[in-house]
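> Prediction below, plus the sequence it came from.
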Amino acid sequence: MPHCVCKLFAIIKTLFDMKKLAICMLAATSLVAGCKKTFDDTINGETADQRIAAAMTAYQSKLTKAPFGWIVLETTTGTAFNQGVSETGPVATFAYFMEFNDSNKVKMFSDFDTSMAIVPKTSDFRVKSLQRPALIFDTYSYLHVPCDPDPRVSKSPFGVGYGWGTDFEFSFADNVNPAQLGDTIRLTGNLNSASAVMVKATKAQRDAYYAGGLKATMLAWGNIQNYFKRVTAGATQFEMTPGLGGAKSLDINVLDAGGNLKTVVSNVYFTATSVNLTSPVTIGTQVINRFENIVWDPGTSTISTSINGTTAATITGSIAPLKADVNAPKAWRDKALNNGAYWVSDLGFHVNGKDDGFGVTSLTNTAGTFYFYMYFPNGYSNPADRFVPIMLKGNALGYNPYGTAPQSPPIYTVDGRVIFKKLGDAGTIPPGGPVALSNALLYNASGFYLVLKEDNTTYDMVSAVDAKAWIQWQWVF
Amino acid sequence: MAGLASCKKDDFTPLTTPSPGLGGDTWTYDDIDKFIYDSLTVPFNVAVYYKWLPGQLDFPSDITPPDRNQVVPMLKALLNVAYLPYTQQTGSRDFLRRFLPKTLELAGSAEYLPNGTKFLGQAEGGTSMLLYEVNIYSRLKKDSNTFKQTMHTMHHEFGHILHQNVLYPVSFKTISTGYTGNWYNIPPATARQNGFITQYAQAAPDEDFVEMISSMLAGGDNGPSGGYDEYEQLLVQAGGPTSTGYKTIKAKEAVVVDYFQRVWNIDFYALRAKCRTAFVNYLQ
């Protein structure tokens, strides 16, 4: 700026016009006054570097000075990014307990699975000044597992190269001076824009995590292995079934005044003391945020709990739905039949609390490796249906050498079940193997209920024997 | 004129606080950092980046940093199984200290591409090397396929460093035709029958050259056993000694061996023997 003022003076000298000279000298005077003013890029006397350094120290201090750590919830947007391309899928919420220290170490528990719920893992973190102040979890931790691009690790349905759309590099999102941060800190993920909320934990919460409360809560919640869970709280009754978003998603079903089934979709996350719904659900006049004090009674196979900590409730398993969709079994089979197509299951039967309970995904033989299980109405020309694994060899798909042929059509009952009868088997089925077990379950005498899920396309086929086994059918056409 | 006098440029705010992050991020120095300094930075002039640094890896991609419990074991494996043979064969650390890329980056996961393939390693301009999948590294016998893949990757990337410093004879590029971007759709056994030591060798002459190096030193995947097999077993898949595939690969082998001797004064077969011994001795 002083440079310009000097140039201006040179121009004025050559003008020699009184009026112009007067104006220029007026301007020059104010510019002279401006030249004296210090070039000031400080705020309250501090440079940008000083202010950023102070902010980084303040952010770190907020994290490490929480006396009992933090409960951290991370929720995805339903979109995951890799290589600049995105995939969409179910929204997920993950819950953690974390403690940060001033040596850049963070210790955490996670509700991703029971092993992460009980064994705390130490990893690293740092705060860094990026476009926005950032919190980076810079070595692998439980927090990284949901966004691991290997689906065997993340259990993500988005596909290879994508996790669930969570993040481990976050921007502080409260847009206040860090000194003003209180008991809650908000974060936004830099890759996937996942949002995280950190809330200071109480001593009781911290103690509950270290005493194994998270694993106990998760195990108790999972003790009811039935597909249909019936919740009773006084006069209120509703049903919970597994949602499409994995083990932590729920479909909540309730009968309205007209006796029709209404479904609300919600995710759950676990803390050491509660099972929480990501969005509160209103049933009648009851607003449900969470289930506290989960206690499993093995004698009665019942969970007792208190809704929101105030209303006593019990959860039991049911072998029948709250209201069966009597038309669903025929609609399910007809959809494939009318399109000359078949239904696809990635994991085969879920049995007694375990996905792929019969181990079909490990099936390997001369035809290749397991790719999906197929139900093909009139897949045989006699006609008969076809229930068989499809195998992958090289880049080609083919039938497993052995399978079974249910009668076409199956039996539809008036109360909404389908019962399959065997017409015959194809090939030599190894006794006791995954296919033999799957066939035996298919032909059980009580048959299956069909439940159409919230995407109006996917069906869960639930065993009417005990509702503890089911298979999910996806439409891939 | 007072204005002229004050045109001297001395009205700036002096820097007393460095820009945050100037010179690299800092954190509390711990045993991992000490191991890196003592075992890699001092002897080999190599800096190791294991903590997530935004923008350092391919961006924007879903890649994770390594588990801190895997970092030192992985570095020890590199030192003992991949680096030590070069030091033993050349008689000193000078060769590695000169040619090892000064920056070694570690990623916990792989980097997956939309075409269904994944990166296991990258080398850039002789200055940096990136190894992925540190999180699945293991020295147990039952995981030896994974360990072999890591060593194969390291020799592959180091091979790039060497030819990025001194190129191999251009005659190598015309031993085979048929390099293709569709390499991942041609099965490994077919590639060998066509004179390419691995699937990836079909991608380009540079990749072919370093796949020869790494397959001879550390074996190649999808061999006759179904997993990682030594070079001699891979040749079996190429066909008998009179087949085109076998003879093509042997011709490439000759160029590699000659290159190492002429350019780097390294007896490649002796180096290979040392690599194999180091690997076997390291398995638990």
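Cool, the structure landed. Numbering: from 1, shown residues only, chains lettered A, B, ... in the order given.

> could you list every residue that touches residue 104?
Using chain A. By Cβ atoms under 8 Å, 6 or more residues apart in numbering or on different chains, A:Asn104 lies in contact with A:Asp124, A:Phe125, A:Arg126, B:Trp27, B:Thr28. From N, CA and C alone the C-beta is placed, and that goes for glycine too.

> To clarify, I was referring to chain B.
Neighbours of B:Leu104 in contact, by Cβ under 8 Å, 6+ apart: B:Leu40, B:Val46, B:Ala47, B:Val48, B:Tyr49, B:Ser128, B:Met129, B:Leu130, B:Leu131.

> Kindly recompute the last result at 7 Å.
B:Val46, B:Val48, B:Met129 (Cβ atoms under 7 Å, 6 or more residues apart in numbering or on different chains).

> which element is the last one on?
Here B:Met129 is covered by strand B:128-131, with elements defined by DSSP states H and E.

> quick one: is the very next helix or strand once past that strand near chain A?
Following strand B:128-131 in sequence order, the next helix or strand is helix B:144-165 (DSSP H and E). No: under the criterion of Cβ under 7 Å from any Cβ of the partner chain, chain A is not reached by helix B:144-165; the shortest gap measures 12.8 Å.

> From B:Ala238, how far off is B:Pro49?
In this structure residue B:49 is Tyr, not Pro. 39 Å (Cβ to Cβ, to the nearest Å).

> more neighbours, these two?
B:Ala238 (23 against 18; other Cβ atoms under 10 Å in any protein chain shown).

> what separates that one from A:Asp356, distance-wise?
39 Å.

> Just give me the closest of the contacts of B:Leu104 to chain A.
B:Val48 (12.8 Å; Cβ to the nearest Cβ).

> Return the residues in contact with the closest one.
B:Ile36, B:Leu40, B:Leu75, B:Leu104, B:Leu106.

> circling back: which two of the contacts of A:Asn104 lie the greatest distance from each other?
Set against one another by Cβ to Cβ, the contacts of A:Asn104 have their most distant pair in A:Phe125 and B:Thr28, with a gap of 11.0 Å.

> Which of the two has more residues huddled nearby?
Per other Cβ under 10 Å, whichever of A:Phe125 and B:Thr28 has more neighbours is A:Phe125, with 25 against 12.

> which residues does the closest residue to the more buried one other than its chain neighbours bridge with?
What sits nearest to A:Phe125 in space, not counting adjacent residues and going by Cβ to Cβ, 6 or more residues apart in numbering or on different chains, is A:Val106, at 4.6 Å. Per DSSP bridges, the residues bridged to A:Val106 are A:Phe100, A:Ser123.

> Who are the contact partners of A:Val106?
Taking Cβ under 7 Å, 6+ apart, one finds A:Met98, A:Glu99, A:Phe100, A:Ser123, A:Phe125, A:Phe137, A:Ser141 in contact with A:Val106.

> Quick one: those residues as a markdown table, columns for pLDDT and distance to A:Asp148 too.
Listed next are the contacts of A:Val106 as a markdown table, based on pLDDT from 0 to 100; distance: Cβ to Cβ, whole Å:
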| residue | pLDDT | distance to A:Asp148 |
| --- | --- | --- |
| A:Met98 | 98 | 19 |
| A:Glu99 | 98 | 23 |
| A:Phe100 | 98 | 22 |
| A:Ser123 | 98 | 14 |
| A:Phe125 | 98 | 18 |
| A:Phe137 | 98 | 13 |
| A:Ser141 | 98 | 11 |
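
> Just give the nearest non-adjacent residue to the residue in the stretch 101-250 of chain A that chain B sits nearest to, would you?
With Cβ to the nearest Cβ, the shortest gap between the stretch 101-250 of chain A and chain B falls at A:Gly161, namely 3.1 Å. Nearest residue to A:Gly161, sequence neighbours excluded (Cβ to Cβ, 6+ apart): B:Tyr112, at 3.1 Å.

> Wait, that neighbour touches B:Lys118, no?
Yes: contact criterion Cβ atoms under 7 Å: B:Tyr112 and B:Lys118 qualify, at 4.8 Å.

> ok, then the element right after the least confident helix or strand in chain B by mean pLDDT?
Lowest on mean pLDDT, DSSP states H and E among the helices and strands of chain B sits helix B:2-5, with a mean of 48. Next in sequence after helix B:2-5, counting helices and strands by DSSP H and E, comes helix B:31-36.

> elements contacting that following helix?
helix B:68-77 (3 or more Cβ pairs under 7 Å, 6 or more residues apart in numbering or on different chains; DSSP states H and E).

> Now do the helix it packs on and helix B:144-165, the angle between them.
Angle between the axes of helix B:68-77 and helix B:144-165 is 60 degrees (criterion: axes from the mean of the first three to the mean of the last three Cα atoms, to 10 degrees).

> how about helix B:68-77, does it get close to chain A?
Yes: contact of helix B:68-77 with chain A (Cβ under 7 Å from any Cβ) involves B:Arg68.

> Need the contact partners of that helix.
Against helix B:68-77 from outside (Cβ under 7 Å, 6+ apart): A:123-124, A:139, B:32, B:35, B:39-40, B:48, B:50, B:106, B:134-135, B:137, B:139, B:282.

> That helix - what's its average pLDDT?
Taken as a whole, helix B:68-77 has an average pLDDT of 97.

> and after it, which helix or strand comes next?
helix B:84-90.

> roughly how far is that next one from the heart of the chain?
17 Å (Cα atoms, centre = their mean, to the nearest Å).

> How about stretch B:174-184?
That offset, for stretch B:174-184, works out to 21 Å (Cα atoms, centre = their mean).

> Flag the shaky bits of the chain, pLDDT-wise.
Just so you know, I chose chain A. A:1-38 (pLDDT under 70).

> not quite, I wanted chain B
B:1-15, B:125.

> Okay, and the beta partners of B:Gly220?
With DSSP bridges as the rule, B:Gly220 is bridged to B:Asp229.

> hmm, back to that, compare B:Tyr112 and B:Lys118 (neighbour count), which wins?
Neighbour count, other Cβ under 10 Å: between B:Tyr112 and B:Lys118, B:Tyr112 has more, with 23 against 16.
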